[in-house]
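A.B. asks: Here you go, sequence then predicted model.
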Amino acid sequence: MSGPVLGVAGIVVMFFILFVLRVPAAFTMALVGFLGIACVTSPEAAFAMIGSEMWTLFSNYGLTVIPLFILVGEIVHYAGYNHGLYHATYRWFGHYRGGLAMTTIMACAAFSAISGSNTATAATMSAVAIPEMKKYGYHPVLNSGAVAAGATLGVLIPPSIVLVVYGLYTGQSIGKLFFGNVIPSAILTVLILGTVVLICRRHPDWGPSGPRSSWKDRYRALPEALDILVLFAVIMYALFTGVVTATEAAAVSCFLALVICLVRRKLTWPKFLDAMTDTLRISCLVFMIVAGAVIFSRFLTVTRLPFAAAEWIQTLALPKWMVLWVILLCYIVGGCVMDALAFLLVSLPIFYPLVVQLGYDPIWFGQVITIVTTMGSIMPPIGICCYVVAGMSDIPLGTVFRGGLYYIPSYIVSIVILMISPYWTVLVLSELVK
């Protein structure tokens, strides 16, 4: 059996183990990768190669940025800023038709800007927002869809863990990736908000307007939202100016988040311990996925499948934009059936060299595939955000998926905008980073 054929067989076996035997992605990728390397070389060589890869991976100082940014999100979460953000945006926009749904999406965007996690945002905002929307008579399709779609912004808005891992894996500047993501995430947020407006125009009874808050109550609700904005601004300014590295910026943001929470008297010792425990759990999960993906990608490299795929696509003589759309279609399908981070790491060894060879900017490509794989978080059959929303509420899973599908055109339009104008949407800000 030739190397590329063995690589394809390994991918088929991996998906079989994932979906039939229900083995977690990290262990599946590691097992298939190790056995594949052993078949191509020998068990002794496989052990030596994987040992070297793991040492190189986990001795990388840059990896510390992942648990640090996760800790920032957990501190903010356990300090209760999610409730403060929701009520602040509700005071300002809740009196419009569909205003509570838009409030939920904007609160998700603000909270995910610090947490960087779509599942954490989905769980948090489901508990906070769905009871409020039910109280004001919002339709289950609208309120569950708004939470699920808003939660996906956690992967997009910096500091995104997916972008951090992408940057570490491809050797791209995390600061450039973060700033290149500012305009795309803003575009997608606006489009998702616009979707709520269109839904409420078509179904006015789905999102009745809430009571109008006084200007005094609106200004009184701002301080908590400003705390999060200050924390986000410090992270981005530090990265933009080049005063600190991404890891140092993450450490500074952890310290600043802790100081803000203590000054505001929002963080007790038990809550801090809970934040640390969740940070350890989530970090271990991410690192296991990264380790499994590195082993599997090494297997694909040994089989020379990525190079064979690139050569085969070049023989088709297709326009490069058509090749890119084929790649994005693979990411859409992969994002529907697999965790976004896991699929990203599995697919990068195959598609990243090809995309660079076609002449696309790596920073721009990182933004595009982040949006595409995030779209899978609200699409059947595996849409993780929809499962979290359904699990945190009494809304049926089918209803949640139906609500999430209303927002799919927003993702497609944002991808098209990024393709039409890559410079003004991504590179104009990323190139300013020192």
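C.D. replies: Looks like it came in fine. Numbers count the residues shown, from 1 in each chain.

A.B. asks: Got phi/psi on the closest residue to L358 other than its chain neighbours?
C.D. replies: Counting by C-beta to C-beta, 6 or more residues apart in numbering, L358 lies nearest to K320, which is 4.5 Å off, once chain neighbours are set aside. Yep, even glycine has a C-beta here, placed from its N, CA and C like the rest. Torsion angles at K320 (phi, psi; degrees, to the nearest 10) stand at phi -60, psi -30.

A.B. asks: cool, G359 as well?
C.D. replies: phi 100, psi 10.

A.B. asks: follow-up on the earlier one: please report how far the residue nearest to L358 lies from V355.
C.D. replies: 9 Å (C-beta to C-beta, to the nearest Å).

A.B. asks: quick one: which of those two has more around it?
C.D. replies: Neighbour count, other C-beta atoms under 10 Å: between K320 and V355, V355 has more, with 22 against 14.

A.B. asks: helix or strand for the more buried one, which one?
C.D. replies: helix 340-357 (DSSP states H and E).

A.B. asks: The helix or strand following that helix packs against which elements?
C.D. replies: Sequence order places helix 362-375 as the next helix or strand after helix 340-357, per DSSP H and E. Here helix 362-375 touches helix 153-156, helix 161-170, helix 174-180, helix 182-202, helix 320-337, helix 340-357, helix 408-420, going by 3 or more C-beta pairs under 8 Å, 6 or more residues apart in numbering; DSSP states H and E.

A.B. asks: List the residue ranges of the stretch 201-350 of the chain that fall below the pLDDT cut-off.
C.D. replies: Residues of the stretch 201-350 of the chain meeting the criterion pLDDT under 70: 310, 314, 335-341.

A.B. asks: What residues does G98 make contact with?
C.D. replies: 142, 196-197, 199-200, 206-207 (C-beta atoms under 8 Å, 6 or more residues apart in numbering).

A.B. asks: can you pull the contacts of P208?
C.D. replies: Contacts of P208 (C-beta under 8 Å, 6+ apart): 97, 136-138.

A.B. asks: Closest one of these to A246?
C.D. replies: A246 has its nearest neighbour among those in Y138, at 39.3 Å by C-beta to C-beta.

A.B. asks: dump the residue contacts of the closest one.
C.D. replies: Neighbours of Y138 in contact, by C-beta under 8 Å, 6+ apart: 100-101, 206-208.

A.B. asks: mind redoing it with 6 Å?
C.D. replies: G207 (C-beta atoms under 6 Å, 6 or more residues apart in numbering).

A.B. asks: Just the contacts of P208: which are in helices?
C.D. replies: Assigned to helices by DSSP state H, none of the contacts of P208 qualify.

A.B. asks: ok, and the most crowded of those residues?
C.D. replies: Neighbour counts for those peak at Y138, which has 25 neighbours (criterion: other C-beta under 10 Å).

A.B. asks: how close does it get to L239?
C.D. replies: Relative to L239, Y138 is positioned 38 Å away (C-beta to C-beta).

A.B. asks: pLDDT and distance to A308 added to the contacts of P208, as a markdown table?
C.D. replies: A markdown table is the format used below for the contacts of P208 (pLDDT from 0 to 100; distance: C-beta to C-beta, whole Å):
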| residue | pLDDT | distance to A308 |
| --- | --- | --- |
| R97 | 85 | 55 |
| Y136 | 79 | 57 |
| G137 | 84 | 57 |
| Y138 | 88 | 52 |
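
A.B. asks: Which of those residues sits closest to A122?
C.D. replies: Nearest member of the contacts of P208 to A122, counting by C-beta to C-beta, is Y138, at 17.1 Å.

A.B. asks: Quick check: phi and psi at that closest one.
C.D. replies: phi -70, psi 140.

A.B. asks: who touches whatever helix or strand G7 lives in?
C.D. replies: In the assignment (DSSP H and E), G7 maps to helix 3-19. Helix 3-19 is contacted from outside by 23, 28, 32, 36, 300, 303-305, 308, using C-beta under 6 Å, 6+ apart.
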